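S.K.: any chance you could fold what I've pasted below:
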Amino acid sequence: MTETTQNHETEVKRTQQDFEKVLVNSASGVASFENEDRSLLYRMRVILHHNPAAVPLIVLVMSLAIFAVLVGSKFFSAFALTLILQQVAITGIIASAQTLVILTAGIDLSVGAIMVLSSVVMGQFTFRYGLPPELSILCGFAVGALCGFFNGWFVAYWKLPPFIVTLGMWQIVLATNFLYSANETIRAQEITEKAPILQFFGNNIRFGGAVFTYGVIAMVLLVLVLWYVLNHTAWGRHVYAIGDDPEAAQLSGVRVKPVLMSVYILAGLICALAGWAMIGRLGSVSPTAGQFANIESITAVVIGGISLFGGRGSILGTLFGALIVGVFSLGLRLWGTDPQWTYLLIGVLIIVAVAIDQWIRKAAA
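M.R.: A predicted model of the protein is given here:
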């Protein structure tokens, strides 16, 4: 072998060794970057993925702090804080029903209409037919459960999209409400005289300057009960499993159709509870009340960190989401701004909440 050939082979080997060193260094650099990412952003996503109520809780605390600076000490008065609770009580209850449906990767556009129809039935059965108000209330709950039954039947057994089914149910229930009530409002004075139990959730308990209505207490108790059921019972685990992957849940032994039926029926019952609480809040029975309940419930759920793709979220986050809306509404009002700013900021929060949900979902990918 000539000297020129040997020098050429030596040069080729050196070039290969240098190239391999570059590859090793590049790989180690990528690995170190990935490790750094996993140690910071990735871990943060994992933490938030396992604690879905953390983000809305942080936003709620920050909102309170910001308005405390902007508005002053009067925002942190006992009366102002409990007023926020009173204002979001109906939204919190109706959003709890919406949460159950969205956890199954569905959506219920009829919750507001079911709430109003249930309240109208409670009032009309009492004053038009002379039934005892206690029996009329039970009839209102039966109507709510029946509407939920039809929603669940078409979604679970007919495999129709929840959006379409509940959109149709919203129109049907809304029309039924106006036709049945003939747009008649039952005044607060009549209810107070003849059926005060219909206004039960409007009664209050005072602790100094704090005023807690029974509607607020009902909302908090409902959220706590549903939190326990969703996190500590087989039914709750099945709800999450269906929202995450219904086919996998079916193969795991979950009875998907009956569970979906139960979710929509329970949502209907909760809507009826919201209807009863609404009578207490307004003092009267009005077929035109709760026109924005659908949007308000979805807003609270989305801001509360419940994934619209189903299978992830905490109902405590829904409560925090409703409270965030209440804090913004009262805070901006006390600050003296145009009420339209509330809608603008809530709209921004909705978009940001969905973006954060997408970012957090990558932790499970």
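S.K.: and the nearest residue to S181 once chain neighbours are set aside, backbone torsions?
M.R.: In this structure, S181 finds its nearest non-sequential neighbour in P287, 4.2 Å apart by C-beta to C-beta, 6 or more residues apart in numbering. From N, CA and C alone the C-beta is placed, and that goes for glycine too. When quoted as degrees, to the nearest 10, the phi and psi of P287 stand at phi -70, psi -10.
S.K.: check contacts around P287.
M.R.: V116, V120, N177, F178, S181, N183, E184, T185 (C-beta atoms under 8 Å, 6 or more residues apart in numbering).
S.K.: rerun that using 6 Å as the cut-off
M.R.: Taking C-beta atoms under 6 Å, 6 or more residues apart in numbering as the criterion, P287 is in contact with V120, N177, F178, S181, N183.
S.K.: skip the chain neighbours and tell me the closest residue to the first one.
M.R.: Taking C-beta to C-beta, 6+ apart, and ignoring the residues beside it in sequence, V120 has S181 as its nearest neighbour in space, at 4.9 Å.
S.K.: likewise the second one?
M.R.: The shortest distance from N177 to any non-neighbouring residue, by C-beta to C-beta, 6+ apart, is to L117 (4.6 Å).
S.K.: do the third one as well
M.R.: In space, and not counting its chain neighbours, F178 is closest to P287: 5.9 Å by C-beta to C-beta, 6+ apart.
S.K.: and the gap between the one you found and S118?
M.R.: Per C-beta to C-beta, to the nearest Å, P287 is found 12 Å from S118.
S.K.: sec struct for G106, please.
M.R.: Following DSSP: H, G, I helix; E, B strand; the rest coil, we place G106 in the coil state.
S.K.: ok, it touching F163?
M.R.: No. In this structure, G106 sits apart from F163 without contact. The criterion is C-beta atoms under 6 Å, and the distance is 7.9 Å.
S.K.: between those two, which one's more packed in?
M.R.: Neighbour tally, G106 and F163, criterion other C-beta atoms under 10 Å: the higher count belongs to G106, 26 against 13.
S.K.: for E184, see how far away the residue nearest to F178 is.
M.R.: Taking C-beta to C-beta as the measure, P287 and E184 are separated by 7 Å.
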